[in-house]
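Colleague: Fold the following, please.
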Amino acid sequence: MKMMRSNTKGFTLVELMIVVAIIGILAAIAIPNFLKYQTKAKQSEAKVNLKGVYTAQLSYFAENDGYDVFSAISYEPESGARYGYDDGGTAGVIGNTGADACASGIGAVATGAFSADACANIDGDADVDHWAINDANDLRAILNDV
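Modeller: Below is the predicted model of the structure:
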């Protein structure tokens, strides 16, 4: 009598379907969280650059006893900026000039105070991410798009 050898190498179709389902569930949980953290990382550009504006304005104020527009304080954001920056001066938006214009209506830069805005559409929807800083170092989200 011949013995039958069991050939049980490999996975069954059911086992493979279970693995695919588990990977799908994990992806459904992980991808939205990843996108949220990615947009938060993009927002850090606006926060860092607006703090740079604040520092440049303080330095200018110490030497000239007043605040001024970006060109006068020699401020320019890094190249490749996602955000457009507006100081209310006549130069308009600097940085990413393709970014949506800031709609705060901050007006002209006054001698005793300043305000600067950063705006961009960082996640591709209809809303614009809008941050602002003023001479009191009040960094705030006017419209948080996250």
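
Colleague: Specify the next element, helix or strand, located C-terminal of the helix or strand of the chain with the lowest mean pLDDT.
Modeller: One helix or strand of the chain scores below all others by mean pLDDT, DSSP states H and E: strand 94-95, with a mean of 74. Sequence-wise, the next helix or strand downstream of strand 94-95 (DSSP states H and E) is strand 115-120.

Colleague: Now do the same contact list for the most centrally placed residue in the chain.
Modeller: The chain has residue 43 as the residue nearest its centroid, 2.3 Å off, counting by C-alpha atoms, centre = their mean. By C-beta atoms under 8 Å, 6 or more residues apart in numbering, the contact set of residue 43 is 122, 129, 131, 146. Glycine gets a C-beta too; all of them are placed from N, C-alpha and C.

Colleague: just checking, the third one is part of a strand?
Modeller: Going back to what we said before, that points to residue 131. Yes: under the criterion used here (DSSP: H, G, I helix; E, B strand; the rest coil), residue 131 sits inside a strand.

Colleague: I'd assumed residue 140 was in contact with it.
Modeller: Yes: contact criterion C-beta atoms under 8 Å: residue 131 and residue 140 qualify, at 7.2 Å.

Colleague: quick one, which of the two is more surrounded?
Modeller: For residue 131 and residue 140, the more surrounded residue by other C-beta atoms under 10 Å is residue 131, and the numbers stand at 24 against 11.

Colleague: Check the gap between the more buried one and residue 48 for me.
Modeller: According to C-beta to C-beta, to the nearest Å, residue 131 stands 11 Å off from residue 48.

Colleague: And for residue 132?
Modeller: Taken as C-beta to C-beta, the span from residue 132 to residue 48 is 14 Å.

Colleague: Then residue 78?
Modeller: According to C-beta to C-beta, residue 78 and residue 48 sit 9 Å apart.

Colleague: for the chain, what are the low-confidence residue spans?
Modeller: 1-7, 89-92, 97-111 (pLDDT under 70).

Colleague: for it, what spans make up the helices?
Modeller: For the chain, the helices defined by DSSP state H occupy 13-64.

Colleague: hang on, the earlier thing: of residue 132 and residue 48, which one has the most company?
Modeller: Between residue 132 and residue 48, residue 132 has the larger neighbour count (other C-beta under 10 Å), namely 21 against 12.
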